[in-house]
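> sequence unknown, structure follows:
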C-alpha cells in the first residue's frame, strides 16, 4: 500500500474479479496518490488490463471496494468520466479519418465545442510533435504516430487521471523514452497516470510500481523502495586485489553489523564481493577504509555501487512469489 | 526528435461552460461527422452505390425487348400434311407465340434436337384431323418440352393451351365455311323440295310413287349430311335466336320427311295432309334459317365476342420506367443495409466500444448519431439517383413531400435492418453475407419481379418484413400513378423502423456492457 499525504486518485481494497481457471485479479490492495505515475508491471496475462478496467468502471469487482477520483467506478456519471482519459492497448482510432478528424471525434465525445477543440488540438499536436501530420489519414500513420495520436485523443479533454494500457508496446526505444517524457511532464503538471507495461526497465520512470503476477499485486512501492525490498538495500561491488583475502574480507565485513546488512561472494567469481548497505554511495568510502585498515591490509582493486537492473529485481520478485507456491505443491 | 515543447499540457481553461444539452448535441454530432467523413473518403463506394445501379438500369432499359421467354420450337407435321391448313398458315399461327425453328415431317429428327437442347419444344400435329373429328374422337396435338426453368414451363403450357385454342378456332372457321358452302347448295334443294311436298299434298300418281320415294330418300340424305356438317348447337345458339332454331327445325323436318316416306310406302299419304302442310312450312322455315346461316361470316359465327381494350393511361410505361421505382427502392434499401451492417460490427471488433464506454457518451447518442450520418449520406445518394431518373424520363406524378417522407422512412427502416445485422454479426464478412441474403430476399419477395400475390400466405410475414416491399409499392403509387402511398406502406415502414431501432438499442447495450 502506498502511504502518502496526498489525496488518492485510486484506492482499492481486496478487489477481486475471478474469470475462472485461475484467470482474473485477486486480493488487490493499492492506492494511487494524485499527481503521481503508477506503473503496473508484469507479464502478459497477469491482470494489468483487468485492473485498469475495474478502476475505469468497465468491470465490477466481485469482491472488495474501489474508488477512482473518489467515486465508485461502476457508478460514474458523465461528469466523472469527463475527468478520466484512456489509451487502450490497440489502435482504435479510425483509419479513414485524418489525424485532426480523429482527434475532433474523440474530443466531441467528451462534449468539447469546436472552438475548444481547435485551441486544444494545436497545443497537443505540438506537444507530441504531430502538427505536420494533422491532415494525414490514420491509415497512413506509423505505429509510433498512431500511439501519439491516441495520447492526444486521451488528453484532449484535459483529464485529471489518465490510464494508458501498454502505450509503449511495440515501439522503438527512442519513442518509448519520449512517451515517458510526456508522461512525466503530465505528472509534473498535476495529473495522475496509471501506465501498464511489460517492459520492466520502464519502472524507473514511475513514481510507484506495482509488480503483478497471476492477477495479484506482489509489491507496490517506489522504484527505489522495490530495489531495497528485494535486495535488502544497495549493493557495493568489491574486487579484491588478492583472492586469498576473500575469507578475511567476508569476516571483517560481517562483523560490521551496524552498516553492512549482508555480504557474499559474487556469483561466478573468486575475487568479487557483494556488500549490501543502506546507501551504497554513502558507505562506499567507509567500507574501503575498513578493509584497508586491516592488518595485514586487504587490498581492494576496485569498488563501485552495483547497478542491479530492474529486470533482475523483477525476476527475484517473481521467484520469491513462486517459491511458497512450489513449497505448497512440493 | 525535437525537444518537448515548453508550453504546459494542461488545457487552457475556458471561462464559458458548455451547457448540458449542447454537450448532448455535440456528442451526437461527433458520430454524425465521423460517419460522414468516413464515407466521403470512399469515392469508389459512392460511385458504385449510385452510378453503378443507374448504369445497370439504363442498360436494362435500352436492351430489354420482351418479357416472354423465347421457346425454340419444332413442329412435326403428319406425312400427308393437314388438309385445309397450309404450312405457311401454320407457321404464322405457331410463330405468334413460339420461336419456330423447324417444320418437319421427321419426328426422330425433331426429337434428336430436343434431346441435344438445340430446341425446347416439339409439337406433333395429328394425322387426318377432320377424319378423326368426324369419327367423334378429339385429335391431339402432342407437346414435348425439354425445359428446366419452371417459369418457362408455365409459359410453354399456357402458350400451348392458347395455340390449341387458336387452332380449334381456325378449324372451326374452316369447317363452318365448308358447312356454309354445302348448306347453300342444300338450301336450293330445300326450296325445290317445298314444291315436291306441295305435289304430295295434291296427290301422287302410282307411276310417280317410286320416283317420289327416291327423291324423298335422297333429300333426307342431304338433310342428314347438313345435320352432320352444321357447327355445334352452342356455336349456332350463341349467334342468334333464329340460328338457335336451325337444328331443331332440321331435326323436325327430317323426322317428318321420314314419316312422309313411310306414309308414301304404306299408301297412307292422303291421311296425313295436315302433317304435309306442316312439313312444307318447316321447310320454308329451314330455307329461311339456312339463308341466314350461309350469309354470316364464318369468323362472326365462331367468335361472336369481340375484344375491346383501352388503357386509361393511354399505354403502359416502358419496362425501364416501370422498374425504376423498384430499382430506386432496392438501391436505397441495399445501400442502407450494407452501410448499416458494417457500422457497428467494425467498431465493436476494433475495440471502439471500450473507448465509448469510458467516454461520457450514451448509447442513444451513439445510435442517433450514426442514424443521422447515414441518413444524410444515403439521402444525398438517393437525390442524385432521382435526378438522374428524372433526366432519363422517369416520371414523378405524385406529391413531392410524400415522396421525400416515404424515402426518408425507407432509409430509416433499412438502416434499422442494417444495424440489426451489424449487432448480430461476429465479423465484417458475416455482416456482408447477411446483407447479401437480405438483398436476395428482397429481389424474390418484395414484388420487384415476382408479384407478392404469387406467394403462399406463409411467405407474407417475410414479404412485410422487407422494407423494400413497402417502399416499392409506395414509390410505384407516387411516381407512376400519381397516387399517395397506401396506409399499409407507411405503417409497414414505421413498424420496421421502430422494431429494429428497439432491437438495435437492446442488443448494442448488452454488447457495450461486455466491451
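Yep, it's here. Given the structure is predicted, the values throughout are model-derived calculations rather than measurements. Numbering: from 1, shown residues only, chains lettered A, B, ... in the order given.

> so residue A:305: helix, strand or coil?
With DSSP: H, G, I helix; E, B strand; the rest coil as the basis, residue A:305 sits in strand.

> how near is the spatially closest residue to it that is not a sequence neighbour to residue B:489?
Distances taken as C-beta to C-beta, 6 or more residues apart in numbering or on different chains put residue A:280 closest to residue A:305, at 3.6 Å, once the chain neighbours are dropped. From N, CA and C alone the C-beta is placed, and that goes for glycine too. As judged by C-beta to C-beta, to the nearest Å, residue A:280 and residue B:489 stand 85 Å apart.

> how about residue B:412?
From residue B:412 to residue B:489 the distance is 14 Å (C-beta to C-beta).

> so in chain B, which helix runs the longest?
helix B:150-202 (DSSP state H).

> rewinding a little: surely the residue nearest to residue A:305 meets residue A:235?
Yes. Using C-beta atoms under 8 Å, residue A:280 is in contact with residue A:235, at 6.4 Å.

> closest point of the stretch 401-515 of chain B to chain A, which residue?
residue B:515 (7.1 Å; C-beta to the nearest C-beta).

> neighbours around that residue, how many?
A total of 17 residues lie near residue B:515 under the criterion other C-beta atoms under 10 Å in any protein chain shown.

> repeat that for residue B:297.
Around residue B:297 there are 11 residues (other C-beta under 10 Å).

> for it, grab phi and psi.
Backbone geometry at residue B:297, expressed as degrees, to the nearest 10, gives phi -60, psi 130.

> ok, now residue B:101?
Dihedral angles for residue B:101 - degrees, to the nearest 10 - are phi -100, psi -30.

> coming back round to it: could I get the contacting residues of the residue of the stretch 401-515 of chain B closest to chain A?
A:58, B:348, B:351, B:353, B:354, B:356, B:357 (C-beta atoms under 8 Å, 6 or more residues apart in numbering or on different chains).

> what about 10 Å?
By C-beta atoms under 10 Å, 6 or more residues apart in numbering or on different chains, the contact set of residue B:515 is A:53, A:58, B:347, B:348, B:351, B:352, B:353, B:354, B:355, B:356, B:357, B:358.

> look up the closest residue to the residue nearest to the spatial centre of chain A, ignoring the ones flanking it.
By C-alpha atoms, centre = their mean, the mean C-alpha position of chain A lies nearest to residue A:39, the distance being 2.7 Å. Distances taken as C-beta to C-beta, 6+ apart place residue A:206 nearest to residue A:39, at 3.3 Å, with adjacent residues excluded.

> hang on, isn't the one you found packed against residue A:40?
Yes. Shown here, residue A:206 and residue A:40 form a contact pair, counting by C-beta atoms under 10 Å, at 9.0 Å.

> give me the common contacts of those two.
Joint contacts of residue A:206 and residue A:40 (C-beta under 10 Å, 6+ apart) are A:194, A:195, A:197.

> just among those residues, which is most surrounded?
Highest count within the shared contacts of residue A:206 and residue A:40 by other C-beta under 10 Å belongs to residue A:194, 28 neighbours.

> and the next helix or strand past the helix or strand hosting that residue?
Residue A:194 belongs to strand A:192-197 when assigned by DSSP states H and E. Using DSSP H and E, the helix or strand that directly follows strand A:192-197 along the chain is strand A:208-213.

> first-to-last residue distance for stretch B:196-215?
Stretch B:196-215 has an end-to-end distance of 9 Å (criterion: C-alpha to C-alpha, to the nearest Å).

> what average pLDDT does that stretch get?
Mean per-residue pLDDT for stretch B:196-215: 81.

> ok, now which ones touch the nearest residue to residue B:329 once chain neighbours are set aside?
Once flanking residues are discounted, residue B:329 sits nearest to residue B:471: 3.8 Å by C-beta to C-beta, 6+ apart. Residues counted as contacts of residue B:471 (C-beta under 10 Å, 6+ apart) are B:325-326, B:328-330, B:332-333, B:406-407, B:409-411, B:413-414, B:442, B:446, B:485, B:489, B:492-493.

> in helices, which of those residues fall?
B:325-326, B:328-330, B:332-333, B:406-407, B:409-411, B:413-414, B:442, B:489, B:492-493.

> buried among those? Make that a ChimeraX selection.
Typed into ChimeraX, the line below selects the buried ones among the ones in helices among the contacts of residue B:471, using 16 or more other C-beta atoms under 10 Å in any protein chain shown:
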select /B:325,326,328,329,330,332,333,406,407,409,410,411,413,414,442,489,492,493
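
> got the residue ranges for the strands in the stretch 51-200 of chain A?
A:63-68, A:84-87, A:161-165, A:192-197 (DSSP state E, counting those that start in this stretch).
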